[in-house]
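> Build the 3D model from these lines:
(chains A, B, C and D)
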2 protein chains.
Amino acid sequence: MTGIHEVATRAGVSTATVSRVLSGRGTVAPATRERVQLAVAELGYVVSSNASSLATGRTRNVGVVVPFLDRWYFTSVVEGAQAALQRHGFDLTLYNLRGGGRAGVFDHFLHRKRVDAVVAIALELSTGEIQRLLDMNKPIVGVGGPLPGVRTLSIDDIEVGRLATEHLLSLGHRAIGHIGGDPESETDFHVPSYRRTGYQLALEAAGVPIDPALDLNADFTIQGGYAAARRLLSTPVRPSAIFAASDEMAIGAILAARDLGLRLPDELAVIGVDDHPLAAFFGLSTVAQHPAEQGAQAVEILIEELLRTGDEPSAFDTPIEFRLIVRESTARLPSL
Amino acid sequence: MTGIHEVATRAGVSTATVSRVLSGRGTVAPATRERVQLAVAELGYVVSSNASSLATGRTRNVGVVVPFLDRWYFTSVVEGAQAALQRHGFDLTLYNLRGGGRAGVFDHFLHRKRVDAVVAIALELSTGEIQRLLDMNKPIVGVGGPLPGVRTLSIDDIEVGRLATEHLLSLGHRAIGHIGGDPESETDFHVPSYRRTGYQLALEAAGVPIDPALDLNADFTIQGGYAAARRLLSTPVRPSAIFAASDEMAIGAILAARDLGLRLPDELAVIGVDDHPLAAFFGLSTVAQHPAEQGAQAVEILIEELLRTGDEPSAFDTPIEFRLIVRESTARLPSL
DNA sequence: CTGAAAGCGCTTACAG
DNA sequence: CTGAAAGCGCTTACAG
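From the prediction side, this is the model:
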């Protein structure tokens, strides 16, 4: 374990100078700098992050908190954030709330001063949780929904639901089914509820009565979407189109339609949300969100916030882009 | 930012005593202990991990290195490891090699003394990488393949391939196709190659000639499996069964069979590897591995190793369990 | 441009 | 059972 001392000795300077060279702060004569850099390289010296963090109060580490990891959206946000952090020389410490103990994570793990900042993904932090984080002077960025008093990046899920539904309406569909999220799969931000609201608003605006029989819940998986779609497609008033609140559920619906011998898009149109990697494969029309970019964007905001020392943290919401992608799963309702 | 000093003052003791109470090391009179605990609770004090780590040389943080995150296997291992670490009060710092800069990760990130130990998932570390890690006295556990000089948990992919193929052989199949991994999706451990070897060994043992036309590559995704299966099923010598090196590719094969109007399992039997969450939904027979448990097991080994101070690190391979699960996608070859 | 020294917030022999 | 003090390995005013 080479320490800064050995480097200093080898380069014939003080540890202070080594530190200056390594951090880039302060002035060092070019010749000195080179001697130090040589010594560092020869010894393979790497600064101890603990000692450095203790002295500076900065860890160059960001905590990323997710409710769970095994959904495409979360994995993608984390990968995007990770790549961005790495570019900036930051580490990423991952907190997964599913492991149990949300309280533990917030009261303990995050307070150890191991992180400079936190990215909270699809998490509705309580006032207390936010307050504790802010008290510690740690920038927070929330991804996935607005958070009072916190800088956030969020998608307008009502508009997402409306956009998807309006697409179906514009194609002439009137009997439009919906597969939303069940209560268990609600994230903190009630994403499914908002998408459902958008669906209902679009129908209302088009003068289409809302039929509760056409609105079912599932668990955001292909399996769940399949089961819901089978029920939806077995009713006497079979819908001509389905809007599913996620691509995976939409894919389940496509598989259900196939099993029932229904041809897409003529006998059933389907649209999802996400632009999941499988969406193109299934020819699925969807409202694309770009989770990896959301993660990267959250990190950029955080880094900026960390550099802007002193100021009050910003606390507004930045809307995330989304975009309709039309593929083969949706088409104009065939005139009968 | 309450420090240990404030706690000590409030409890009317020295910081040494507070430290003893918090760490559980050393003896403290019960009454004193209670006073300290009360002060800690009242102030919401949490030990600074940097200061503590600097003083003890222990970080209570484990680095987990993955080649990428967006495959079910990796996500599951990470979730399993995370949950186990959290139970032990450890944090998890995630390093993703896809972000670029494998060198950076090993030469720099891991050397900052930010982690006590590392879990390397499906990574074939070079001798140099291993040496540097061992030089730092950090236990390493590799998951997914054997690593010279390192404690590992690994699955015998040759046996996995053999088991899957033997299952098909035992059902009377002789024209057995294979969908393996293409070079790009080879992890460091050449998992696909080994599974292919097992496939070939099983065929040879059964006296079935190996037909290269029945052996294709794909990229471990549903899409890739679909494309490969379509080619496989369009040959004059259409196989009666397919062994795919992952469930996702196997699912692609099932979808391809459906599109071609082939009924499973009578007109085509399919088996995969993983026991992916979608396997049951598709009625897919498979060789199950249990990635979340692999992650958890790796952590348990690491923690044990961290407690066993002084000793030489252990450096052997523990085979990971796998198991044949028969579902509806495989059945006895119908006698013609 | 550079060094001596204090300090970051803990832990742990050591002494009592 | 408990406290005073040294030390973990850096960084950074301060002085020169």
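
> Pick out the residue of the stretch 1-150 of chain A closest to DNA strand C.
For the stretch 1-150 of chain A and DNA strand C, the shortest gap (Cβ to the nearest atom of the strand) falls at residue A:27, measuring 2.6 Å. For the C-beta atoms, the positions are set from N, CA and C on the backbone; glycine is no exception.

> ok, now how distant is the residue nearest to the spatial centre of chain A from DNA strand D?
What sits nearest the mean C-alpha location of chain A, by Cα atoms, centre = their mean, is residue A:77, with 4.0 Å. From residue A:77 over to DNA strand D the distance is 31 Å, taken as Cβ to the nearest atom of the strand, to the nearest Å.

> Please name the spatially closest residue to that residue (chain neighbours excluded).
residue A:295 (4.0 Å; Cβ to Cβ, 6 or more residues apart in numbering or on different chains).

> Quick check: buried residues in the host helix or strand of the one you found?
Here residue A:295, judged by DSSP states H and E, is contained in helix A:291-307. Neighbour counts over helix A:291-307 (16 or more other Cβ atoms under 10 Å in any protein chain shown) mark A:291-299, A:301-303, A:305-306 as buried.

> now, which of these sits nearest chain B?
Of all the buried residues of helix A:291-307, chain B sits closest to residue A:292, with 9.2 Å by Cβ to the nearest Cβ.

> and the gap between the closest one and DNA strand C?
36 Å.

> tell me the pLDDT at that residue?
pLDDT for residue A:292: 95.

> can you tell me which residues contact it?
Counting by Cβ atoms under 8 Å, 6 or more residues apart in numbering or on different chains, residue A:292 touches A:76-77, A:79-80, A:83.

> Closest one to residue B:119 out of those residues, please.
residue A:79 (17.9 Å; Cβ to Cβ).

> which regions of the stretch 151-300 of chain A sit below the pLDDT cut-off?
Scanning the stretch 151-300 of chain A for pLDDT under 70 picks out the ranges A:185-190.

> any chance you could map the helices in it?
Counting by DSSP state H, counting those that start in this stretch, the stretch 151-300 of chain A has helices at residues A:157-170, A:191-205, A:222-232, A:247-259, A:277-281, A:291-307.

> Please work out which of those helices is packed deepest.
The highest average neighbour count among the helices of the stretch 151-300 of chain A, using mean count of other Cβ atoms under 10 Å in any protein chain shown, belongs to helix A:247-259 at a mean of 26.

> How far away from the center of its chain is it?
Counting by Cα atoms, centre = their mean, to the nearest Å, helix A:247-259 is centred 24 Å from the centre of its parent chain.

> Now do that helix against helix B:247-259, angle only.
Interaxial angle of helix A:247-259 relative to helix B:247-259 (axes from the mean of the first three to the mean of the last three Cα atoms, to 10 degrees): 30 degrees.

> Who are the packing partners of helix A:247-259?
strand A:176-181, helix A:222-232, strand A:241-244, strand A:269-274, helix A:277-281 (3 or more Cβ pairs under 8 Å, 6 or more residues apart in numbering or on different chains; DSSP states H and E).

> so what are the domain limits for chain A?
A:4-47, A:60-155+A:292-321, A:157-288 (automatic domain parsing).

> how long is the shortest one from one end to the other?
Right, the one you point to is domain A:4-47. For domain A:4-47, the separation between the terminal residues is 7 Å (Cα to Cα, to the nearest Å).

> pLDDT at the closest residue in space to residue A:88 that isn't next to it in sequence, what is it?
Computed as Cβ to Cβ, 6+ apart, the closest residue to residue A:88 that is not its neighbour in sequence is residue A:303, at 5.4 Å. Listed pLDDT for residue A:303 reads 91.

> The stretch 1-150 of chain A against DNA strand D: which residues are in contact?
A:1, A:3-5, A:15-16, A:18-20, A:22-23, A:25-26, A:45, A:47-48, A:51-52, A:54-56 (Cβ under 7 Å from any atom of the strand).

> Quick one: buried ones out of those?
If we count by 16+ other Cβ under 10 Å, these have these buried: A:4, A:18-20, A:22, A:45, A:47-48, A:51-52, A:54.

> now, which of those lie close to DNA strand C?
Answer for those near DNA strand C (Cβ under 7 Å from any atom of the strand): A:20, A:51, A:54.

> So which of those belong to strands?
Among those, none falls in strands (DSSP state E).

> In TSV: those residues, plus distance to chain B and pLDDT.
Below are these laid out as TSV (distance: Cβ to the nearest Cβ, whole Å; pLDDT from 0 to 100):
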residue	distance to chain B	pLDDT
A:20	19	96
A:51	5	95
A:54	4	94
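
> what's the closest of these to residue A:102?
residue A:54 (28.3 Å).

> And the nearest residue to that closest one once chain neighbours are set aside, how far from residue A:140?
Nearest residue to residue A:54, sequence neighbours excluded (Cβ to Cβ, 6+ apart): residue B:50, at 4.5 Å. Note on residue B:50: its distance to residue A:140, by Cβ to Cβ, to the nearest Å, is 20 Å.

> ditto for residue A:32
The value you get for residue A:32 to residue A:140, if Cβ to Cβ is used, is 40 Å.

> what does residue A:156 give?
Relative to residue A:140, and taking Cβ to Cβ, residue A:156 is found at 21 Å.

> who has more neighbours, the two?
residue A:140 (27 against 17; other Cβ atoms under 10 Å in any protein chain shown).

> contacting residues around the more buried one?
A:117-120, A:125, A:130, A:133-134, A:147, A:150-151, A:313.

> cutoff 7 Å now
By Cβ atoms under 7 Å, 6 or more residues apart in numbering or on different chains, the contact set of residue A:140 is A:117-118, A:120, A:133, A:150-151.

> now residue A:114
So residue A:114 contacts A:59, A:61, A:93, B:49, B:91 (Cβ under 7 Å, 6+ apart).

> measure residue A:7 to residue A:50 for me?
17 Å.

> One more: residue A:165?
Residue A:165 is 53 Å from residue A:50, by Cβ to Cβ.

> try residue A:248
42 Å.

> got it, and residue A:84?
Taking Cβ to Cβ, one finds residue A:84 at 24 Å from residue A:50.

> For DNA strand D, find the nearest of the helices and strands packed on helix A:247-259.
Distance to DNA strand D, taken as Cβ to the nearest atom of the strand, is lowest for helix A:277-281 among the helices and strands packed on helix A:247-259, at 41.3 Å.

> Which residues are in contact with the residue nearest to residue A:242 when sequence neighbours are not counted?
Nearest residue to residue A:242, sequence neighbours excluded (Cβ to Cβ, 6+ apart): residue A:177, at 4.4 Å. By Cβ under 7 Å, 6+ apart, the residues touching residue A:177 are A:214, A:232, A:239, A:242.

> go again using 10 Å as the cut-off
A:168, A:199, A:211, A:213-216, A:228-229, A:231-233, A:235, A:237-244, A:253, A:268, A:270 (Cβ atoms under 10 Å, 6 or more residues apart in numbering or on different chains).

> Next: residue A:325.
Counting by Cβ under 10 Å, 6+ apart, residue A:325 has contacts A:271-272, A:275, A:279-280, A:284-288.

> That one and DNA strand C, how far apart?
According to Cβ to the nearest atom of the strand, residue A:325 and DNA strand C sit 51 Å apart.

> and the gap between that residue and residue A:279?
Going from residue A:325 to residue A:279 by Cβ to Cβ gives 8 Å.

> Of all the helices of the stretch 151-300 of chain A, which one comes closest to residue A:69?
Between those, helix A:291-307 lies closest to residue A:69; by Cβ to Cβ that is 12.5 Å.
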